[in-house]
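1. Predicted coordinates and the sequence they were generated for:
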Amino acid sequence: MREPRHRDDYGASTLATNLHPPVRMRERLREILAQHGRLSVPVEQIDDRSDLYQAGLTSLATVGLMLAIEDAFDIEFPDALLSRKTFRSIDALAVAIEQLQVKA
């Protein structure tokens, strides 16, 4: 079983018991979306409940987004979570990440 890890503000992977508090997690998700989401609107204009697909997220960009999230949060999305529903919003992603961190 893996030890919980996260990346600090400098990108270094460190052990953690509380990986990403909800606010910090959403901030990190916004950073990742800005880098990998290829959205047609700025991330700053997206609400946590906004539909990311309506904001320009494509299935191809979702793959890159998923890989970046897995790396940033030291998780792996199981096949059951590889759906449009999981990636539809920042809130949906945060819920999925929290569930995966609890199982780790």
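-> That came in fine, so what should we check first? Residues are numbered from 1 along each chain as shown.

2. drop to CA atoms for contacts and neighbour counts, all remaining ones
-> Fine.

3. any chance you could map the helices in this protein?
-> Remark: helices assigned in the chain by DSSP state H are 22-36, 59-73, 90-103.

4. Now do the same for the second one: mean pLDDT, whole number.
-> What it means is helix 59-73. Across helix 59-73, pLDDT averages out at 97.

5. tell me the angle that helix makes with helix 90-103.
-> With axes from the mean of the first three to the mean of the last three C-alpha atoms, to 10 degrees applied, the angle from helix 59-73 to helix 90-103 works out at 40 degrees.

6. quick one on the thing from earlier: TSV for the helices of the chain, including distance to Ser50 and mean neighbour count?
-> Converted to TSV, the helices of the chain look like this (distance: least, C-alpha to C-alpha, whole Å; neighbours: other C-alpha atoms under 10 Å):
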stretch	distance to Ser50	mean neighbour count
helix 22-36	12	16
helix 59-73	15	17
helix 90-103	8	17
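
7. so which of those helices comes closest to Leu81?
-> Evaluated with C-alpha to C-alpha, the helices of the chain place helix 90-103 nearest to Leu81, the distance being 7.7 Å.

8. Now do that closest one: which elements does it pack against?
-> Packing partners of helix 90-103 (3 or more C-alpha pairs under 8 Å, 6 or more residues apart in numbering; DSSP states H and E): helix 22-36.

9. For Arg49, give me its contacts.
-> By C-alpha atoms under 8 Å, 6 or more residues apart in numbering, the contact list for Arg49 reads Ser89, Ile90, Asp91, Ala92.
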